[in-house]
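Novice: Need the 3D shape of this:
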Amino acid sequence: MREEEVHYDIAVIGGGLAGTCAAIAAARLGRRVALVNNRPVLGGNASSEVRVWVCGATAHGVHRWARETGIMGELYTENQYRNPEGNPYYWDQVVLDAVRAEPGIDLYLNTDVREVDASGPDDAREVHSCTGWMMGSERRITFHARQFLDCTGDGLLGHLAGAHYRIGREARAEFGEPWAPEEKDEALLGSTILFHTKDAGRPVKFVPPAYARDLTTTPILRNRVLRTGDNGCDYWWVEWGGEHDTVHDNERIRDELQAVIMGIWDHIKNSGEFPDAENLTLEWVGSLPGKREYRRFLGDHMLSQQDVLEQRQFDDRVAFGGWSVDLHPVQGMYADEPGARQRYADGIFHIPLRSLYSVNVTNLLFAGRNISATHIAFGATRVMATCATLGEAAGTAAALCVAEGIGPRELAAERPELVRRTLLRQDASVIGLDDDDPRNLARAARVSASSHLSRLAAEPTPDAPGERYPLTRDLALLLPVDPALDTVDLLVHGAPGGPSELTVELWSTGRPENAVPVDRLLTTTVTVPADGPHWVTARLGHRPDAPENAVLIVRACPDTALVLVPVRTDGVLALRSRVEGDVAVDHDIPEEDGQLVLEWQARGLRRRTFGFRAAPETAAFLPERAVGGFQRPYGGPQMWSSEPLADPDRAAQWLRLDWDEERRLTEARVVFDDDVDEYLNNLHRHRTPFEVMPELVRDYRVQSREPDGTWRTLETVTDNRRRHRVHDLRGPDGSPVSTGALRLVVDATHGAPHAHVIAFKAYGA
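Specialist: The predicted structure follows:
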């Protein structure tokens, strides 16, 4: 056995997606980081050992423009390129490669941290070190660090350090949460084991083990749906342990879950009810329960149900989520009620830095399912893509604490602008924060471009004629309004027997981050002649005080139809109202107060738009939108888009920054559009047809203007697959570039007809 002591700026304990992103974020800010994981692979519940798909703010496509950016976004898009089939082993390598790409990270796998050295009074403790046992190598390693991150999920590090935490459900009165129980208790969400099947191409028998559960003796057959085409996370409801201690009873929970899986497979193979299962065999069954809930630490803010559902904007917000408040019955798979009760906010919700550090341990941050949130709010924050964004935020905060020589509480209270600006500089998952960083010299530049998109329209062409889309339900278009929306022409098939009257309404979205109709602004009627299709005009005269999104609703009308054009229109969404049967039957989704994101869906309409023409011209895509903007759709698309290109492979569009005097530049950063409305998933519950998003810029150049007015190419990039690119502009001797202008030349996209740039930034010496 070997005894070792190692010293780092930051020790991240737990190698799930939260810990992985925390370590990468801190390393990219120049810190030396130990990433310590007690399993042989990274990814936690997302790894090939457990195989839970990575869900996040999109909520399987419910929320619009909500896919995570930052490090989690990089993992999503890299996996989409390298692993279009959703192989869980390939996903392991995507995550591992991301860690190994950072020279500042030392990775310790198979290392179980079970000792902590901490001291101080109960209200001001400090962690000095923690010690782990590296299994198989007989190494006992003590990790010394200035900041510690508990990303273990179960919260063991913080528990051993004396951090305050809770287990179970709060009483309703404590936070006024309608979904909380009357009295507090220790009930939890249970754990799950998954399984995968495959078609062997010939009959395969199954002889169940003696421990297989007989499903006829359980409520499962009457309350849950078994299908031969389902496997993996389709069986998320195989859940148990909420009435037990999900940590100390972990082995008992595992045995019960595996017994039920064997019982499910026995029923499918041998009951005679599934003749199409004859050639199916089990390919993989998990051996580790995927845990949902255990310790939740206390921070300076405890996120609540109201914070989530009311989408409260915190001054110190550092990440966002969008998953529903998703709570499961304590009895899990043996419950008579549906497997999940869900309540969605109207859009994404925000998470503050004050929920990511300990209220009583001065150098402890945390990220993942153990953050400072009530049981009810935890139901929305616990999904892994959200946990990953929390990891990036916590890792960023830890790095800033080390650099500034302060603790997380002081950072949140005294330097919130430093956190905000750093997250934006890194293109992290934040919404509604504009770039006010004085170091970004682009903010003081004059911005111009070769062209910009000025007309909002989707019109049929001979190559894309469109199709009838009956108005048997309400349909809608979400449109950017900048500066006005005077008229919208709609392409409509009229009723065969004579003219029809369409009711057209204009609604606001309530919040800039939302994409659903909240407040009705006006109603008008439009006469549609028989047959067609015909262009008809809705006169609106809407001129808001500031740029915003608005939703144009066309109410259902018998025997009429809009025209669905197979093109993606920048900044525009097509929506349809929900009809009976659009929601899964194994979920309890209360409708007493409405759930607008479920009432208005974009599923099935991605990359298609109802035929329309808007007037007047729009300013939503001016080149200025790429400087000092929000880096995400927020009350508009918030990006520069060029005019349509005659040849998408040779775009030759440019975006330019000019200063009144020469600047000494050391770095340029570019954020491209990778269509955050496109829902991705590491195990591909939904498969997009694109290995690389078409909107992403493929080939480009960064150029500086010489004193004689010519342009010198500083960087040439081909085959780009990343949204966020960082370019060191310094010469071989470390000297900055002196210039009065910087230009980004887009030579090609991955297929989109416009050049899109979300942000173009420049930093000086």
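Novice: pLDDT of stretch 689-708, averaged?
Specialist: Stretch 689-708 shows an average pLDDT of 96 in the prediction.
Novice: Surely residue 628 touches residue 435?
Specialist: Yes. Between residue 628 and residue 435 there is a contact at 5.0 Å, judged by CB atoms under 8 Å. The C-beta positions use only the backbone N, C-alpha and C, and glycine is treated the same way.
Novice: shared neighbours of these two, which are they?
Specialist: residue 443 (CB atoms under 8 Å, 6 or more residues apart in numbering).
Novice: Going along the chain, name the helices of the stretch 51-200 of the chain.
Specialist: Remark: helices assigned in the stretch 51-200 of the chain by DSSP state H, counting those that start in this stretch are 70-82, 88-100, 156-161, 172-175.
Novice: I'd like to know which of these lies nearest to residue 205.
Specialist: helix 88-100 (26.5 Å; CB to CB).
Novice: Report the buried residues of the closest one.
Specialist: For helix 88-100, a neighbour-count test (16 or more other CB atoms under 10 Å) marks 88, 91-96, 98-99 as buried.
Novice: for this structure, what spans make up the helices?
Specialist: 17-28, 70-82, 88-100, 156-161, 172-175, 220-223, 250-270, 305-309, 375-381, 384-404, 408-414, 416-425, 596-599 (DSSP state H).
Novice: Of all these, which one comes closest to residue 727?
Specialist: helix 416-425 (13.6 Å).
Novice: Identify each buried residue in the closest one, please.
Specialist: Buried, per 16+ other CB under 10 Å, within helix 416-425: 416, 418-425.
Novice: Turn those residues into a markdown table, columns for distance to residue 261.
Specialist: Shown next, in a markdown table, are those (distance: CB to CB, whole Å):
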| residue | distance to residue 261 |
| --- | --- |
| 416 | 47 |
| 418 | 49 |
| 419 | 44 |
| 420 | 46 |
| 421 | 49 |
| 422 | 45 |
| 423 | 41 |
| 424 | 45 |
| 425 | 46 |
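Novice: And residue 150, how far from residue 464?
Specialist: Distance of residue 150 to residue 464, computed by CB to CB, to the nearest Å: 52 Å.
Novice: Out of those two, name the residue with the larger neighbour count.
Specialist: residue 150 (38 against 13; other CB atoms under 10 Å).
Novice: For the more buried one, give me its contacts.
Specialist: Here residue 150 is in contact with 13-14, 156-158, 163, 297, 364-366, 370 (CB under 8 Å, 6+ apart).
Novice: redo that, cut-off 10 Å
Specialist: 11-14, 18-19, 22, 113, 116, 127, 130, 156-161, 163, 165, 295, 297, 358, 361, 364-368, 370-371, 394 (CB atoms under 10 Å, 6 or more residues apart in numbering).
Novice: And residue 153, by the same measure?
Specialist: 14, 16, 18-19, 44-45, 247, 290-295, 366, 368-370, 382, 387.
Novice: mind listing which of those residues are in strands?
Specialist: Among these, the members found in strands (DSSP state E) are residue 366.
Novice: Make a PyMOL selection of the buried ones in the contacts of residue 153.
Specialist: Those of the contacts of residue 153 that count as buried under 16+ other CB under 10 Å are selected in PyMOL with:
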select buried, resi 14+16+18+19+44+45+247+290+291+292+293+294+295+366+368+369+370+382+387
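Novice: Find the least confident helix or strand in this protein, judged by mean pLDDT.
Specialist: The least trusted helix or strand in the chain, going by mean pLDDT, DSSP states H and E, turns out to be strand 587-588, with a mean of 70.
Novice: mind listing what's buried in stretch 543-556?
Specialist: Neighbour-count burial for stretch 543-556 [16+ other CB under 10 Å]: 544, 547-555.
Novice: Give me the mean pLDDT for that stretch.
Specialist: The model assigns stretch 543-556 a mean pLDDT of 97.
Novice: Show the end-to-end separation of it, please.
Specialist: 26 Å (CA to CA, to the nearest Å).
Novice: Would you pull up how far it lies from the middle of the chain?
Specialist: 26 Å (CA atoms, centre = their mean, to the nearest Å).
Novice: Start at 23, not 1
Specialist: In the new numbering, first residue 23, that becomes stretch 565-578.
Novice: Please spell out the segments of this protein that come in under the pLDDT threshold.
Specialist: 602-609, 613-616, 668-673 (pLDDT under 70).
Novice: Contact partners for the closest residue to residue 157 other than its chain neighbours?
Specialist: Distance criterion CB to CB, 6 or more residues apart in numbering; nearest residue to residue 157, sequence neighbours excluded, is residue 132 at 4.6 Å. Residues in contact with residue 132 (CB under 10 Å, 6+ apart) are 58-63, 154-159, 161.
Novice: For residue 136, the count of nearby residues, please.
Specialist: 12.
Novice: Then residue 326?
Specialist: 20.
Novice: tell me the contacts of it?
Specialist: Contacts of residue 326 by CB under 10 Å, 6+ apart are 192, 196-199, 202, 332, 334, 395-396, 398-399.
Novice: If we use 6 Å, what do you get?
Specialist: 197, 396, 399 (CB atoms under 6 Å, 6 or more residues apart in numbering).
Novice: what about the residue nearest to it when sequence neighbours are not counted, distance to residue 642?
Specialist: Closest residue in space to residue 326, ignoring its immediate chain neighbours: residue 197 at 4.6 Å, by CB to CB, 6+ apart. Shown here: residue 197 relative to residue 642, a distance of 39 Å by CB to CB.
Novice: of the two, who's got more company?
Specialist: Using other CB under 10 Å as the criterion, residue 197 and residue 642 rank with residue 642 on top: 26 against 18.
Novice: From what I see, the more buried one and residue 501 are in contact.
Specialist: No. Residue 642 lies out of contact with residue 501 (CB atoms under 6 Å); the separation is 9.3 Å.
Novice: okay but residue 205 is in contact with residue 193, surely?
Specialist: Yes. Using CB under 6 Å, residue 205 makes contact with residue 193 at a distance of 5.4 Å.
Novice: So the two - more neighbours on which side?
Specialist: Remark: of residue 205 and residue 193, residue 193 carries more neighbours, 13 against 10, as counted by other CB under 10 Å.
Novice: Ramachandran coordinates for the more buried one?
Specialist: phi -70, psi 150 (degrees, to the nearest 10).
Novice: Now do the contacts for it.
Specialist: 205-206.
Novice: same question, residue 370
Specialist: For residue 370, counting by CB under 6 Å, 6+ apart, the contacting residues are 79, 88, 342, 344, 535.
Novice: Also residue 776?
Specialist: Neighbours of residue 776 in contact, by CB under 6 Å, 6+ apart: 663-664.
Novice: Now do it against residue 667, distance only.
Specialist: Where residue 667 is concerned, residue 776 sits at a distance of 7 Å (CB to CB).
Novice: I'd like the helices of the chain written out as TSV, with distance to residue 523 added.
Specialist: Formatted as TSV, these follow (distance: least, CB to CB, whole Å):
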stretch	distance to residue 523
helix 39-50	52
helix 92-104	45
helix 110-122	53
helix 178-183	63
helix 194-197	49
helix 242-245	47
helix 272-292	53
helix 327-331	37
helix 397-403	42
helix 406-426	45
helix 430-436	56
helix 438-447	48
helix 618-621	24
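Novice: Give me whichever of those helices is most buried.
Specialist: With neighbours defined as mean count of other CB atoms under 10 Å, the helices of the chain peak in mean count at helix 39-50, which reaches a mean of 31.
Novice: Can you show me the CA trace of that one as PDB?
Specialist: C-alpha atoms of helix 39-50 as PDB (Å, rounded to 0.1, in the frame of the first residue of the first chain):
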ATOM      1  CA  LEU A  39     -21.400  15.400 -15.400                       C
ATOM      2  CA  ALA A  40     -21.500  18.100 -12.600                       C
ATOM      3  CA  GLY A  41     -18.000  17.200 -11.400                       C
ATOM      4  CA  THR A  42     -16.600  16.800 -14.900                       C
ATOM      5  CA  CYS A  43     -17.900  20.200 -16.000                       C
ATOM      6  CA  ALA A  44     -16.700  21.800 -12.700                       C
ATOM      7  CA  ALA A  45     -13.200  20.500 -13.200                       C
ATOM      8  CA  ILE A  46     -13.000  21.600 -16.900                       C
ATOM      9  CA  ALA A  47     -14.300  25.000 -16.100                       C
ATOM     10  CA  ALA A  48     -11.800  25.600 -13.300                       C
ATOM     11  CA  ALA A  49      -8.900  24.300 -15.400                       C
ATOM     12  CA  ARG A  50      -9.800  26.500 -18.300                       C
END
